[in-house]
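Trainee: predicted model, plus sequence, below.
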Amino acid sequence: MSELRDAGVSQTARAVAAGDVTAREVVDAALARIESQNPPLNAISQLIADRARAEAEDRDAHQESGADLGPLHGVPVVIKEEIAVEGLVTTFGGEANSVPAAADAEVVRRLRAAGAVIVATTTMPEFGAFPYTESASRGFTHNPWDPSRTPGGSSGGTAVAVASGMVPVGIGGDGGGSIRIPSACCGLFGLKPQRGRVTSAPNEHLWFALGTAGPLARSVLDSAMVYDVIRGTLPSDRFHGGETGSFVAAAEREPGRLRIGWSTTSPLLGVRPDPLHVRAVEETADLLTGLGHDVRHLDLKYPDVTAAFVPQFFGGIRAEADAMDHYERLERRTRETYRLGSWVRPRVLEWAIAQSEKVAAKAEQMLADVDVLLTPTIAHRPPQIGILDNRGTVASSLVSQPAIAYCAFWNVAGNPAAAVPCGLAEDGLPLSVQLVGHADGEPTLLSLAAQIEAVRPWPTIAPGGQ
């Protein structure tokens with residue numbers, strides 16, 4: 001049923017609500033696509049077909065009763081395997097856990113309450129430590145635009161499931177670019193929200209001040225619809241964002257005339273962007289000028305965020321490893337990373353979090369004269385799969401620098417940042433640019449990204465989904 005494969009979140013929910021198709025039919029079609037498309041792509045970790053069908057039937061019965069429908073009624077969703085789904089082992093991309101989760105994470109609970117149907121969890125590298133979806137446990141996940149290339153990571157399985165048309169949307173996580181990097185590699189819209197925008201419950205945080213959960217989607221509106229369901233924190237969350245209003249309303253309104261600065265300068269010394277990415281930024285700057293925005297080149301000088309990022313990276317992995325049922329089952333590289341981070345004690349972590357707040361203040365100063373910053377999303381073209389093969393922690397970190405160069409800074413600062421597709425390059429792989437906003441500036445990013453999408457539509461289904 002190609003029409004269901006091509007439908008996004010809004011189209012799927014609207015079709016089910018109108019009675020054009022049942023939730024069970026939508027879920028059956030999604031499960032069929034997963035079963036046929038996943039084997040060569042390796043996007044799915046745990047398929048929960050029987051429960052998904054039963055859940056879809058409950059949605060249909062709910063609709064037949066005349067009850068109000070949630071905004072995601074009948075929409076199939078996949079979840080990155082670091083987020084708890086009741087009854088499934090929360091694997092974090094490895095084999096070290098064995099006890100199924102007793103309850104859904106709050107994000108998953110909210111999705112179900114809005115009518116979504118959870119159909120599977122998705123592959124990731126263990127603990128999301130590196131931006132390529134490769135692991136000893138899961139093997140390689142393949143980019144649906146070119147199976148010889150990586151889909152990026154760490155939310156690579158989610159990106160592939162959405163980009164190939166298995167499902168309309170999926171949930172990922174971003175601690176150093178892990179929503180934006182796979183979105184860039186796979187041609188998706190991926191917004192990392194403001195720090196404290198989305199709850200991490202039942203956990204107090206995700207990699208301390210660095211991480212957040214969020215959707216990977218094929219359109220700006222689809223992303224906004226999911227965010228309006230999952231956003232908002234609980235008292236148990238360590239971080240809390242400010243007020244923003246409806247994300248859907250932001251995606252549906254004109255952005256007005258904005259001051260937009262662009263730069264291809266890398267926040268990481270020694271990392272140079274691929275010429276294709278420089279061209280994508282320059283062409284987008286020209287496009288935005290033509291749309292009436294005040295666009296200017298910025299000569300940026302990024303502060304060094306190593307002291308803030310590295311302790312939280314090690315601390316996040318160590319905290320997750322300590323929570324595993326079987327430490328001895330962790331991958332060799334993960335155990336090496338754990339040992340290398342032994343110096344990250346609680347006082348060091350608190351100091352690093354305080355450094356993040358200082359970086360946030362400097363980031364606001366950098367953006368003082370603009371409303372939005374335009375940069376590349378990643379520095380390199382999606383590399384061949386196997387980039388992490390036989391590499392330890394240090395070597396894996398070095399080869400990851402081009403992927404995280406433009407993204408990780410904004411995890412430290414906490415600002416919202418979005419990967420926006422720019423079509424396909426001559427190599428047949430997607431192009432992407434990053435839009436960065438001020439603190440609590442997601443509405444501005446969504447309005448601007450939707451304007452770009454309207455005048456420069458991007459391909460929505462990769463060849464691997466045909």
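Mentor: The structure has been received and is ready for your questions.
Trainee: where does pLDDT dip in this structure?
Mentor: Applying pLDDT under 70 to the chain picks out residues 1-2, 464-466.
Trainee: ok, P267 touching K301?
Mentor: No: in this structure P267 lies outside contact range of K301 using C-beta atoms under 8 Å: 9.7 Å. Yep, even glycine has a C-beta here, placed from its N, CA and C like the rest.
Trainee: who has more neighbours, these two?
Mentor: Shown here are P267 and K301; by other C-beta atoms under 10 Å, P267 has more neighbours (21 against 9).
Trainee: got a list of what the more buried one touches?
Mentor: Counting by C-beta atoms under 8 Å, 6 or more residues apart in numbering, P267 makes contact with 302, 305, 405-406, 408-409.
Trainee: same thing but at 10 Å, please
Mentor: Neighbouring residues of P267 by C-beta atoms under 10 Å, 6 or more residues apart in numbering: 300-305, 375, 404-410, 412.
Trainee: of those, closest to A32?
Mentor: C407 (34.4 Å; C-beta to C-beta).
Trainee: ok, that closest one - contacts?
Mentor: Counting by C-beta under 10 Å, 6+ apart, C407 has contacts 131, 174-181, 184, 192, 267, 375-379, 417, 419, 434, 436.
Trainee: hmm, 6 Å instead?
Mentor: 177, 180 (C-beta atoms under 6 Å, 6 or more residues apart in numbering).
Trainee: quick one: it from S400, how far?
Mentor: Distance, C407 to S400, by C-beta to C-beta, to the nearest Å: 11 Å.
Trainee: make a PyMOL selection of the buried ones in the contacts of P267.
Mentor: Buried residues among these (16 or more other C-beta atoms under 10 Å), as a PyMOL selection:
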select buried, resi 300+302+303+305+375+404+405+406+407+408+409+410+412
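Trainee: what's the first helix or strand after the helix or strand containing R279?
Mentor: According to DSSP states H and E, R279 maps onto helix 275-290. Per DSSP H and E, the first helix or strand lying C-terminal to helix 275-290 is strand 294-297.
Trainee: what packs against that next one?
Mentor: Contact here means 3 or more C-beta pairs under 6 Å, 6 or more residues apart in numbering; DSSP states H and E; on that basis strand 294-297 packs against strand 259-262, helix 275-290.
Trainee: mind putting these in CSV, mean neighbour count included?
Mentor: Formatted as CSV, the helices and strands packed on strand 294-297 follow (neighbours: other C-beta atoms under 10 Å):
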stretch, mean neighbour count
strand 259-262, 20
helix 275-290, 17
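Trainee: possible to save these as TSV with distance to A161?
Mentor: Below are the helices and strands packed on strand 294-297 laid out as TSV (distance: least, C-beta to C-beta, whole Å):
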stretch	distance to A161
strand 259-262	32
helix 275-290	25
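Trainee: out of these, which gets nearest to A13?
Mentor: helix 275-290 (30.1 Å).
Trainee: just how off-centre is that closest one within its chain?
Mentor: Chain-centre distance of helix 275-290: 23 Å, with C-alpha atoms, centre = their mean, to the nearest Å.
Trainee: what packs against it?
Mentor: Applying 3+ C-beta pairs under 6 Å, 6+ apart, one finds that helix 275-290 makes contact with strand 259-262, strand 294-297, strand 430-437.
Trainee: skipping adjacent residues, who's closest to A418 in space?
Mentor: L191 (4.2 Å; C-beta to C-beta, 6 or more residues apart in numbering).
Trainee: likewise for L373?
Mentor: Among residues not flanking L373 along the chain, V436 sits closest, at 4.1 Å (C-beta to C-beta, 6+ apart).
Trainee: for the one you found, which residues are in contact?
Mentor: For V436, the contact set (C-beta under 6 Å, 6+ apart) comprises 373, 410, 415, 417.
Trainee: with V21 instead?
Mentor: So V21 contacts A15 (C-beta under 6 Å, 6+ apart).
Trainee: ok, it to R14 distance?
Mentor: Here the criterion is C-beta to C-beta. By it, V21 lies 10 Å from R14.
Trainee: ok, now V26?
Mentor: Per C-beta to C-beta, V26 is found 12 Å from R14.
Trainee: for the spatially most central residue of the chain, which non-adjacent residue is closest in space?
Mentor: For the chain, the residue sitting closest to the mean C-alpha position, by C-alpha atoms, centre = their mean, is I179 at 2.1 Å. Nearest residue to I179 in three dimensions, chain neighbours excluded: G190, at 4.3 Å (C-beta to C-beta, 6+ apart).
Trainee: same thing with G87?
Mentor: P100 (5.3 Å).
Trainee: wait, isn't the one you found in contact with V89?
Mentor: Yes: the pair P100 / V89 is scored as a contact, 5.4 Å apart, by C-beta atoms under 6 Å.
Trainee: so those two - more neighbours on which side?
Mentor: Using other C-beta under 10 Å, the more surrounded residue of P100 and V89 is V89, with 19 against 12.
Trainee: correct me, but the more buried one touches A96?
Mentor: No: V89 is beyond contact range of A96, at 9.9 Å (criterion: C-beta under 6 Å).
Trainee: reduced to three states, what does A32 come out as?
Mentor: Recorded secondary structure, A32: helix (DSSP: H, G, I helix; E, B strand; the rest coil).
Trainee: mind listing residues that contact stretch 411-423?
Mentor: Applying C-beta under 6 Å, 6+ apart, the contact partners of stretch 411-423 are 176, 180, 183-184, 187, 190-195, 210, 280, 305, 308-309, 356, 359-360, 363, 377, 410, 430-437, 439, 441-442, 445, 449, 452, 458.
Trainee: so which of the residues you listed belong to strands?
Mentor: Assigned to strands by DSSP state E, the following of those qualify: 190-192, 430-437.
Trainee: what's the closest non-adjacent residue to D389?
Mentor: Among residues not flanking D389 along the chain, E134 sits closest, at 7.5 Å (C-beta to C-beta, 6+ apart).
Trainee: tally of neighbours for the one you found?
Mentor: For E134, using other C-beta under 10 Å, the count is 25.
Trainee: who are the contact partners of it?
Mentor: E134 is in contact with 125, 140, 388, counting by C-beta under 6 Å, 6+ apart.
Trainee: stretch 170-185 spans what distance, first to last residue?
Mentor: 16 Å (C-alpha to C-alpha, to the nearest Å).
Trainee: can you check stretch 288-305 too?
Mentor: Its start and end residues considered, stretch 288-305 measures 30 Å (C-alpha to C-alpha).
Trainee: so what touches that stretch?
Mentor: For stretch 288-305, contacts defined as C-beta under 6 Å, 6+ apart pick out 257-263, 265, 267, 285, 359, 362, 409, 412.
Trainee: repeat the analysis, applying 8 Å as the threshold.
Mentor: With C-beta under 8 Å, 6+ apart, stretch 288-305 has contacts from 257-263, 265, 267, 285, 355, 359, 362, 366, 370, 373-374, 408-409, 412-413, 448, 451-452, 455.
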